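Student: fold the following.
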Amino acid sequence: MKRRQIRGTFWVSLTCTALSCSGQALASASQGTEPENENVIVTGTREIHKKVRDSLSPVDVVSNREMLNTGQTNATAALAQILPSVTRPAVGQFDGAPTDFISLRGLNPNQTLVLVNGKRHHNSSYLYTDGFADGATPTDIDLIAPELIDHIEVLRDGAAAQYGSDAIAGVVNIILKKADHGGSARSQIGQTYEGDGFVVQAGAEKGLKLGSSGFVDLSFDYRHQDHTFRSGTDNRTGTDTLRVVGDPSTTRYDAALNAGYTFENGIEAYTTETYAHRFTDIMQVYRVPSRFPEVYPNGFTPHQTATENDFSAAVGLRGNNLFGWHWDLASNYGGDFINSNLNNTLNSGLYAATGSSPLSVHLADYSTTQLNNAFDLTKPFKIKGLTGPLTVAAGVSHRFETYGTGVGSPASYLYGGTQAQAGLLPSNAGPHSRVVYSTYLDLSARLTRNWQAELAGRYEHYTDFGNTYNGKASTRYDITPKLAVRATFSTGTRAPSLANEYYSALAVGPESASGTLAANSAAARLLGATPLKPEYATNLTAGLVYSPLKRLHVTLDAYQIDIRDRIVSGPGISGNAALEALRVQGIAVSSSLAPDDVSASFFTNAAATRTRGVDVTVTYRTEFGRFGNVDWDASLNANYTSIRHVNTLANGMSALNAQTAAYLASSTPKNRIIFGGHWQSASGTWDVSLHEQRFGQTADEMTWYEGPYAYSATDFNRIYNQPRWITNFEVGYRPIEKLRLALGANNLFNSYPSRIPAANGYYGSGKYDGAASQIGINGGFYYAQASYQL
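Tutor: Next up, the predicted model:
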């Protein structure tokens with residue numbers, strides 16, 4: 001059996017609070033921002049003053065205003081509503097993580113690199129073990145105060161040669177505000193049409209002057225969300241006692257600072273600090289009264305809680321004249337720390353042996369940290385025969401990564417562990433680390449008036465995996481002032497994360513248990529594991545940029561991404577072999593469980609995949625004079641992933657089973673379409689946004705929970721999730737210039753995912769596919785919002 005188990009031995013449902021995605025509405029000139037194709041970008045290029053319309057690779061620019069107008073209270077959900085190439089998990093079951101990750105083009109979130117102000121940001125300490133995020137320890141941008149974000153640049157192209165590993169699918173660069181005056185405040189409340197999942201959010205940002213030539217921009221954000229419950233009827237009791245499907249209850253605080261000061265000699269000192277605290281409560285599977293009547297005569301539902309603290313601090317110096325070079329010396333350190341506990345539980349083995357058991361236990365501690373040091377140089381050279389300067393960029397960097405696991409309380413793991421989750425054993429706890437050194441060279445130039453080209457190369461040395469070499473070549477030719485073609489070819493390498501190598505855990509159900517073994521352990525080798533290798537990728541993108549009319553802009557980019565040795569969970573192995581492997585790992589399983597109800601798995605380099613797709617964006621602005629204007633937009637992402645080769649374990653077994661193959665190939669929509677518009681009155685007093693989105697089909701191989709194949713690790717039920725449409729609507733009003741009030745609805749017409757057969761829902765709980773549903777399970781969500789410019 002393959003259970004949904006998440007790093008930190010806990011699951012979290014990652015369903016959207018507001019379940020649909022609106023299209024990208026360009027900020028209008030009347031709103032005080034320039035059209036998207038005129039925006040200057042810093043992502044995907046080392047050149048200064050590069051505009052989106054001139055870029056060699058596809059780049060999306062999403063402003064803070066656009067994100068706030070989606071009605072979402074975190075940046076990840078907002079981006080998913082704006083960009084069809086962004087994939088966000090829609091539904092979880094049993095447990096889940098509050099981690100809000102970014103994923104591009106249907107690939108694993110670990111294959112998208114997240115930067116903050118151009119600097120690499122640390123990952124979460126959560127590890128996912130199912131769905132398209134299988135094996136990921138993603139960066140959680142929900143822990144960056146949204147009010148401080150100025151805009152986000154999304155590079156939809158392989159960029160490992162430019163920025164380092166993890167940039168196989170692309171790069172998300174979060175650019176923070178740097179104001180020395182003014183500010184803003186915003187608050188929002190909302191809930192689902194079902195009356196649960198109440199959300200309240202409040203945040204503020206304020207810019208202050210620092211001396212004669214500096215700034216300090218401060219931000220704070222608070223968000224609380226109540227539980228949502230979308231489980232089916234518990235077939236053991238005929239009631240709604242089983243509440244494992246839905247959003248967890250979450251409370252999150254974010255605070256951030258972005259500051260800079262320029263000295264008289266032109267050198268700028270800068271710093272960015274972020275801190276976030278989050279508490280999450282997850283409801284586990286209800287245990288019936290007959291299970292432990294001595295302690296829980298009315299039955300019980302374990303509650304898993306996680307207390308998370310996340311921080312980052314970056315400092316640097318930069319200037320424009322180091323022997324004629326622009327230079328940037330920076331260091332940033334960040335980490336994510338999780339304390340996981342279990343309440344309202346019981347250790348049945350301990351109770352049977354001693355006559356007592358604690359009802360609350362500490363499960364584990366998880367942490368990840370990252371120290372990055374970098375020195376970058378950039379200089380344009382005038383070269384005879386070239387229309388423009390040759391921009392040369394070079395740099396060196398050092399990265400120190402750690403991943404740590406802390407032991408649970410003894411009662412959480414002795415005698416088979418506590419109900420719902422077993423704690424981390426001393427033998428599986430400990431610190432792990434590695435160092436990465438890298439250097440790069442980037443050359444870009446306008447060779448002729450109409451022809452641009454760029455070459456980049458990067459060398460990296462991992463202390464645990466050796467050397468990697470990656471390159472990228474990009475070109476663009478402007479056929480006419482209105483039509484250009486562009487293409488890139490790049491390679492990428494992603495080393496296994498430390499969590500992929502060392503994570504182990506045990507999930508305990510009422511009638512089953514599933515364990516994840518450390519990939520490099522002797523226990524995993526018993527089941528056929530081999531040492532993990534890096535993933536290798538090649539990325540080809542080709543497209544065009546077309547502006548046939550003054551206000552009409554079209555981009556089309558086709559891509560092919562080949563990845564060898566993709567890291568996912570290996571096939572679940574059940575029975576006596578699994579019991580023996582868990583024993584070697586030091587994990588005890590309750591003696592009341594039959595061998596066939598116990599399974600074990602590990603991470604492995606399972607397969608080679610090919611992802612082919614196309615991205616299309618169309619924007620157009622219509623002026624209606626005294627009746628205002630409309631920014632129209634339409635966008636499409638269509639992609640298809642095929643499995644080109646399946647590796648073999650040391651014992652001769654296939655490294656993929658049908659379920660993990662579906663996670664790779666069909667768990668994300670084959671296409672997403674977003675279209676709509678944003679109208680604003682001539683006076684700016686009223687505005688209306690309306691967007692429609694279509695999610696294409698997905699497919700999954702679901703675990704049987706009833707019948708002859710119940711809990712099987714080899715036989716699954718193939719489920720198709722049919723396409724779904726979502727409508728988003730918002731009306732805004734400005735009673736005074738600085739105050740905006742808005743009412744809106746995400747998923748206006750209350751769409752839900754496809755229903756699944758009862759035999760594939762745990763005790764009847766799972767009404768929806770927990771790994772491949774395109775949209776969230778909460779249905780419609782309505783909200784009221786107020787924002788004020790200080």
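Student: give me the longest helix you can find in the protein.
Tutor: Longest helix in the chain by number of residues (criterion: DSSP state H): helix 576-585.
Student: next one: that helix to chain centre, how far?
Tutor: 33 Å (Cα atoms, centre = their mean, to the nearest Å).
Student: that one packs against which elements?
Tutor: strand 513-516, helix 522-526, strand 598-601 (3 or more Cβ pairs under 8 Å, 6 or more residues apart in numbering; DSSP states H and E). Yep, even glycine has a C-beta here, placed from its N, CA and C like the rest.
Student: what does that helix rub up against?
Tutor: For helix 576-585, contacts defined as Cβ atoms under 8 Å, 6 or more residues apart in numbering pick out 427-428, 504, 506, 515, 517-518, 521-524, 526-527, 573, 588-589, 595, 598-600.
Student: in CSV, list the C-alpha atoms belonging to that helix.
Tutor: Extracted C-alpha coordinates of helix 576-585, given in CSV (Å, rounded to 0.1, in the frame of the first residue of the first chain):
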residue,chain,number,x,y,z
ASN,A,576,7.6,-10.0,5.3
ALA,A,577,10.2,-8.3,3.2
ALA,A,578,8.8,-4.9,4.3
LEU,A,579,8.7,-6.0,7.9
GLU,A,580,12.3,-7.1,7.8
ALA,A,581,13.5,-3.9,6.2
LEU,A,582,11.6,-1.8,8.8
ARG,A,583,13.2,-3.9,11.5
VAL,A,584,16.7,-3.3,10.1
GLN,A,585,15.9,0.5,10.0
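Student: list the buried residues of it.
Tutor: Neighbour-count burial for helix 576-585 flags 577, 578, 579, 581, 582, 584, 585 (criterion: 16 or more other Cβ atoms under 10 Å).
Student: Three-state assignment for residue 518, please.
Tutor: Using DSSP: H, G, I helix; E, B strand; the rest coil, the structure places residue 518 in coil.
Student: hey, what's the most centrally placed residue in the chain bridged with?
Tutor: Compute the mean C-alpha point of the chain, and by Cα atoms, centre = their mean the closest residue is residue 101, 1.5 Å away. Per DSSP bridges, residues listed as beta-bridge partners of residue 101: residue 140.
Student: do the same with residue 694
Tutor: Beta-bridge pairing for residue 694 (DSSP bridges): residue 673, residue 725.
Student: thinking again about what came up before, looking at the buried residues of helix 576-585, which is nearest residue 309?
Tutor: Checking the buried residues of helix 576-585 against residue 309 by Cβ to Cβ gives residue 585 as the nearest, at 28.7 Å.
Student: rewinding a little: tell me the one of the buried residues of helix 576-585 nearest residue 721?
Tutor: Of all the buried residues of helix 576-585, residue 721 sits closest to residue 578, with 30.1 Å by Cβ to Cβ.
Student: quick one, phi/psi of residue 389?
Tutor: phi -70, psi 150 (degrees, to the nearest 10).
Student: picking up where we left off before, quick check, pLDDT for the residue nearest to the centre of the chain.
Tutor: pLDDT, residue 101: 80.
Student: for the helix or strand bottoming out on mean pLDDT in the chain, packing partners?
Tutor: None of the helices or strands of the chain scores lower by mean pLDDT, DSSP states H and E than strand 505-508, at a mean of 78. With contacts taken as 3+ Cβ pairs under 8 Å, 6+ apart, strand 505-508 sits against strand 420-421, strand 513-516.
Student: export only the CA atoms of that strand, formatted as PDB.
Tutor: Extracted in PDB, the C-alpha atoms of strand 505-508 (Å, rounded to 0.1, in the frame of the first residue of the first chain):
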ATOM      1  CA  ALA A 505       9.200   7.700   8.800                       C
ATOM      2  CA  LEU A 506       6.300   5.400   9.700                       C
ATOM      3  CA  ALA A 507       2.600   6.200   9.200                       C
ATOM      4  CA  VAL A 508       0.200   4.100  11.300                       C
END
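Student: ok now it, how far from the chain's centre?
Tutor: Taking mean C-alpha positions (Cα atoms, centre = their mean), strand 505-508 and its chain are 24 Å apart.
Student: strand partners (parallel or antiparallel) of it?
Tutor: strand 420-421 (antiparallel), strand 513-516 (antiparallel).
Student: which of the ones you listed is buried the deepest?
Tutor: strand 420-421 (a mean of 30; mean count of other Cβ atoms under 10 Å).
Student: am I right that residue 293 sits in a helix?
Tutor: No: the assignment for residue 293 is coil, going by three-state DSSP, so no helix is present there.
Student: ok, it - contacts?
Tutor: With Cβ under 8 Å, 6+ apart, residue 293 has no contacts at all.
Student: secondary structure element for residue 662?
Tutor: helix 658-665 (DSSP states H and E).
Student: residues in contact with that helix?
Tutor: 2, 130-132, 134, 566, 568-571, 606-607, 609, 641-643, 646, 656, 699-703, 714, 716, 718, 771-772.
Student: tell me which of the helices and strands packed on strand 505-508 sits nearest to residue 759.
Tutor: Comparing the helices and strands packed on strand 505-508 by Cβ to Cβ, strand 513-516 comes nearest, at 18.7 Å.
Student: contacts only, for residue 690.
Tutor: 676, 677, 727, 728, 729.
Student: just want the angle from the host helix or strand of residue 643 to helix 658-665.
Tutor: Here residue 643 sits within strand 629-646, counting by DSSP H and E. With axes from the mean of the first three to the mean of the last three Cα atoms, to 10 degrees applied, the angle from strand 629-646 to helix 658-665 works out at 140 degrees.
Student: next, the buried residues of strand 629-646.
Tutor: 629-639, 641, 643.
Student: alpha carbons only: can I get it in CSV?
Tutor: Backbone C-alpha positions of strand 629-646 (Å, rounded to 0.1, in the frame of the first residue of the first chain) are rendered in CSV as follows:
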residue,chain,number,x,y,z
ASN,A,629,-10.8,50.8,-20.4
VAL,A,630,-10.5,47.0,-20.4
ASP,A,631,-7.3,45.0,-20.2
TRP,A,632,-8.1,41.7,-22.0
ASP,A,633,-5.9,38.6,-21.5
ALA,A,634,-5.8,35.0,-22.5
SER,A,635,-3.2,32.4,-21.8
LEU,A,636,-2.6,28.7,-22.4
ASN,A,637,-0.3,26.0,-21.1
ALA,A,638,-0.5,22.6,-22.7
ASN,A,639,2.0,19.8,-21.9
TYR,A,640,2.3,16.1,-22.1
THR,A,641,4.8,14.0,-20.1
SER,A,642,5.9,10.6,-21.3
ILE,A,643,8.0,7.9,-19.6
ARG,A,644,10.8,7.0,-22.0
HIS,A,645,12.8,4.6,-19.8
VAL,A,646,12.2,2.8,-16.5
